[in-house]
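Trainee: Based on what follows, work out the 3D shape:
(one chain, ligands or ions: 1)
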Amino acid sequence: MDDQQAVPARAAERPGIPSLRWEEGPAGATVVLLDQTRLPAEEVEMTCEDVPSLVRAITTLSVRGAPLLGIAGAYGIALAAARGDDVGQAAELLADARPTAVNLGYGVRRAQAAHRAALAGGTDGAGAAAAALAEARTLHREDAEAGERMAAHCLALLDELVPGRPMRILTHCNTGRLVSGGEGTAFAVALAAHRAGRLEQLWVDETRPLLQGARLTAYEAAHHGMQHTLLADNAAGSLFATGRVDAVLIGADRIAADGSVANKVGSYPLAVLARHHEVPFIVVAPMTTVDTGSPDGASIVVEQRPAQEVTEITSRIPGVSGTVATAQLAPLGTPVHNPAFDVTPPELVAAIVTERGVLRPGKGSIAALWGRSPAG
Ligand SMILES: CSC[C@@H](O)[C@@H](O)C(=O)COP(=O)(O)O
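Mentor: Below you'll find the predicted structure:
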């Protein structure tokens, strides 16, 4: 009775709070984040006054998702520079906060390079801090623009692959406004399809263990009035088996030179299912997620997360600000395997869509087709 379980979509789009912004007040500069750990119960911003507080926000996933991590890393360097802190040390702390999303180190290095170049050119500390901030703002804007181009390229691809009728798209994790400078990666494609009257259904994987799909993608889909339905991750197989998925769209945390894709754990099983059922498995990611410096999937470091994320469940209580309830799901001390990501080999990926266009990984390495990536 899936139809009765459909999550009601709101009628119209409504604007949301920005995922990340730079603020300058009398007490100095800060990076202000929409705290994603508190969604969907509460839309609450958190203020990071220094790099250690931003690093904590990154490791606890208050700010998350590959493109936004890159943007946060760049603003983090601007923050360290504005405070007169040691920028080299800040860069190390930020870049090491999470290992898999290549965008994080890329954003950090880019702002750090702008800061260093300004100092080398004879600019004073304030001028170099302004250069780092300008670079962070540029990266922020470029990411929004890349998102728009990816959505256009991918919608055209879907018009080819699923011609003539509204589509049923399955997505995993969260890849919308909450992870980017604009409307996102894979989610932005579903949104473009919705706006074009081409989306029949967005199937939203809940995305165990941290429920980015249930908490964040369902929240974003409702914001935009999209038809969407939430499912437990292990319900995806029966959706494919009964012919109710036309395409899988996911984002990526790192794409290796051979086209291997690291993304939220649970992406690889979807790719296997998609191949078995002859459904296109499409990855939507900006060039800043492509790492030609990683030759293949085996060279990608997969982040291991704390056991409690699997053995416990934590929930916010709607309407009671700041209140958290935690329940124990498994016996205390149960050994846990909790990788945050998995790696999908290129032969299971029908297409990788970046702002530069559509790539079919089976036809050659990314490096051979496009040259070095910015992050590589
Ligand atoms: C465009 S977002 C792509 C990925 O970053 C996203 O799918 C994902 O896996 C995020 O993981 P998270 O652990 O929530 O940061």
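Trainee: use CA for all of it now, contacts and neighbours both
Mentor: OK.
Trainee: helix, strand or coil for whichever residue of the stretch 101-250 of the chain sits closest to the ligand?
Mentor: At 4.2 Å from the ligand, Thr175 is the closest residue in the stretch 101-250 of the chain, using Cα to the nearest ligand atom. Classification of Thr175 by DSSP: H, G, I helix; E, B strand; the rest coil places it in coil.
Trainee: Which pLDDT value does the model give it?
Mentor: Thr175 carries a pLDDT value of 98.
Trainee: correct me, but it touches Glu220?
Mentor: No. Between Thr175 and Glu220 there is no contact under Cα atoms under 8 Å: 9.6 Å.
Trainee: Comparing these two, which residue is more hemmed in?
Mentor: More neighbours surround Thr175 than the other of Thr175 and Glu220, with 31 against 24 (other Cα atoms under 10 Å).
Trainee: Would you mind listing the residues in contact with the more buried one?
Mentor: Gly65, Gly184, Thr185, Ala186, Phe187, Ala188, Thr217, Ile250, Gly251 (Cα atoms under 8 Å, 6 or more residues apart in numbering).
Trainee: which pair in those residues spans the largest distance?
Mentor: Gly65 and Ala188 (13.9 Å; Cα to Cα).
Trainee: Let me know how buried Ala196 is, in neighbour terms.
Mentor: So Ala196, with other Cα under 10 Å, has 11 neighbours.
Trainee: shift numbering so it begins at 17
Mentor: Sure, I'll start counting at 17 from here, so that last one is Ala212.
Trainee: For it, give its distance to Leu171.
Mentor: Distance of Ala212 to Leu171, computed by Cα to Cα, to the nearest Å: 10 Å.
Trainee: just Ser35 next, same as before
Mentor: In terms of Cα to Cα, Ser35 sits 25 Å off from Leu171.
Trainee: what's the answer for Trp38, then?
Mentor: 32 Å.
Trainee: how much space between Ala129 and Ala90?
Mentor: 10 Å.
Trainee: anything in contact with each of those two?
Mentor: Ala148.
Trainee: quick one: which of the two has more around it?
Mentor: Comparing Ala129 with Ala90 by other Cα under 10 Å, the one with more neighbours is Ala90, at 33 against 16.
Trainee: Give me the buried stretch members for the strand or helix carrying Ser69, please.
Mentor: Per DSSP states H and E, Ser69 falls inside helix 67-75. Going by neighbour count (16 or more other Cα atoms under 10 Å), the buried part of helix 67-75 is Val67, Leu70, Val71, Ala73, Ile74.
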